[in-house]
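Q: any chance you can model this:
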Amino acid sequence: MIRTRFVLVAIAAALLVAGCKSKSAPARDETLSVNPCRDRGACRSECDKGVESGCTRLGEMLQTGHGGEVDPEQARGLFDRACNAGHKLGCVDLGLLYQDGLGVEQSWSRAADLYTKACDAHLGVACMNLAGMVEAGAGVKRDAARADELFKKAAVEYERGCQAGETEWCVNLGILCTEDRGVPKNLARAASLYDDACKKGNLNGCNNYADALLNGEGVAADVPRAIELLTSTCKAGIGLSCAELAVAHASGKAGPSEPAKALELFNRACELGTPRACSTAAGYHEAGKAGPADLPKAISLHERACRAGEASSCSRLAKIYLSGQGVATAPAKAADFDRRACNMGDPSACMDLSVLHAMGNGIPRNDEQALFYLDRACLFGHPGACDLMQQRH
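A: Below is the predicted model of the structure:
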């Protein structure tokens, strides 16, 4: 699924589809399509044939590290190509790179512009991402009323995409039905949407339905069936399923707790383009949870996750290099990792970076930058930063 930084990707009509009820199917819009290619070679072949959705999907694989190295710079070129050719999802993915500063210089205004154009062209996920920026006041004026309208517009567009036969948008519609934005919360409807998408061959739908079964959300809990679905979708290449299965093995939901099995699954999820799983696997190696501690392996995995957009790994690397924990102390390197994490919305990283600039701890003192990152820490919800900002006024 397409990521969002501030909120989950999801949607269903709020005003037009009260309670997640369906309407008649509109005409199919090919620019809403999510390419089903499953590996880099197949997606590259699609892209080379001029199928821009293939370029978008290949870019996502390069960005997240699905099936190979993480390469946000190459991903940017593919997203740019797809976006310029009219594939709206390419524009949204390009916006995410600008929003997080991955492979490009961060520009919230550029991200907002890309989201606005795609939202105006009726792509729900773009409306959702823009709503998140407006709600937070990130690069645009904070406006709760406008954010609410954008969430509702996103809901309408996801419903439209779902009814047009794009099962990925049905899955995202289900996710939104678990929230209370743009559409009334309805866990039973969400589970039904996931189940229907799964039956039509959408593996993300199977993953989400398994999660609902595992936790008894909107459907009667059925742990054995959930584990069966997660095992199947993990084998089919869905990284999130491998990660959820890893959690089940670690927690004991899938039987006796098996840290080694959990780590094996987290590593597979990492290889399948789930950056959070790379970060979790790094934590296992760092703490020695499934064998001897291995800091170099942990750092390598954290670096992969950080480059793929996992803020917690960037933040952890900053702390490692600032403290000199098993490595040479490198404050400038720590500041760079904190900057990356801050760009992705980590309030603690923004606060730490503000302190580094204010104190000149291993980097040149810069009061202007200290204030800039203090403001960002407050924006992202750091209470101490907000208190300090208020004291300055």
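Q: what mean pLDDT does the helix or strand containing L371 have?
A: Assigned by DSSP states H and E, L371 belongs to helix 367-379. Mean per-residue pLDDT for helix 367-379: 95.
Q: contact partners of it?
A: 136-138, 342, 347-348, 350-351, 353-355, 357-358, 384-386, 388-389, 392 (CB atoms under 8 Å, 6 or more residues apart in numbering). All C-beta atoms are positioned from the backbone trio N, CA, C, and that covers glycine.
Q: what's the helix or strand following that helix in contact with?
A: Once helix 367-379 ends, the next helix or strand along the chain (criterion: DSSP H and E) is helix 383-391. Under the criterion CB under 8 Å, 6+ apart, residues P347, C350, M351, S354, L374, D375, A377, C378 lie in contact with helix 383-391.
Q: export these to JSON lines and tack on distance to C47 and neighbour count?
A: Compiled in JSON lines, those are given as follows (distance: CB to CB, whole Å; neighbours: other CB atoms under 10 Å):
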{"residue": "P347", "distance to C47": "37", "neighbour count": "22"}
{"residue": "C350", "distance to C47": "36", "neighbour count": "28"}
{"residue": "M351", "distance to C47": "41", "neighbour count": "22"}
{"residue": "S354", "distance to C47": "42", "neighbour count": "25"}
{"residue": "L374", "distance to C47": "43", "neighbour count": "24"}
{"residue": "D375", "distance to C47": "40", "neighbour count": "17"}
{"residue": "A377", "distance to C47": "39", "neighbour count": "27"}
{"residue": "C378", "distance to C47": "42", "neighbour count": "21"}
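Q: which of the residues you listed sits closest to K200?
A: The closest of the contacts of helix 383-391 to K200 turns out to be P347 (CB to CB; 39.9 Å).
Q: so how far is V223 from that closest one?
A: Distance from P347 to V223, counting by CB to CB, to the nearest Å: 35 Å.
Q: of the contacts of helix 367-379, buried ones?
A: Buried members of the contacts of helix 367-379, counted by 16 or more other CB atoms under 10 Å: 136, 138, 342, 347-348, 350-351, 353-354, 357-358, 385-386, 388-389.
Q: of all these, which two lie farthest apart?
A: The widest separation within the buried ones among the contacts of helix 367-379 (CB to CB) is 24.0 Å, between A136 and A358.
Q: save the contacts of helix 383-391 as JSON lines, and put in distance to A111 too.
A: Formatted as JSON lines, these follow (distance: CB to CB, whole Å):
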{"residue": "P347", "distance to A111": "19"}
{"residue": "C350", "distance to A111": "18"}
{"residue": "M351", "distance to A111": "23"}
{"residue": "S354", "distance to A111": "23"}
{"residue": "L374", "distance to A111": "22"}
{"residue": "D375", "distance to A111": "18"}
{"residue": "A377", "distance to A111": "20"}
{"residue": "C378", "distance to A111": "20"}
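Q: out of those residues, flag the one nearest to V70.
A: When these are compared against V70 (criterion: CB to CB), the nearest one is C350, at 23.1 Å.
Q: only the buried residues of the longest helix seen in the chain, if you could.
A: Longest helix in the chain by number of residues (criterion: DSSP state H): helix 144-163. Neighbour-count burial for helix 144-163 flags 147-163 (criterion: 16+ other CB under 10 Å).
Q: check the model's average confidence along stretch 188-201 for me.
A: Averaging pLDDT residue by residue across stretch 188-201 gives 97.
Q: typed the wrong thing, it's stretch 272-282
A: 98.
Q: okay, the helix or strand bottoming out on mean pLDDT in the chain in CSV with CA atoms only?
A: In the chain, no helix or strand scores lower on mean pLDDT, DSSP states H and E than helix 383-391, which sits at a mean of 88. Only the C-alpha atoms of helix 383-391 are listed here, as CSV (Å, rounded to 0.1, in the frame of the first residue of the first chain):
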residue,chain,number,x,y,z
PRO,A,383,5.7,18.7,25.0
GLY,A,384,9.1,20.0,26.3
ALA,A,385,9.8,21.8,23.0
CYS,A,386,6.4,23.4,23.0
ASP,A,387,7.0,24.7,26.5
LEU,A,388,10.3,26.2,25.5
MET,A,389,8.7,27.8,22.5
GLN,A,390,6.1,29.4,24.6
GLN,A,391,8.8,30.7,27.0
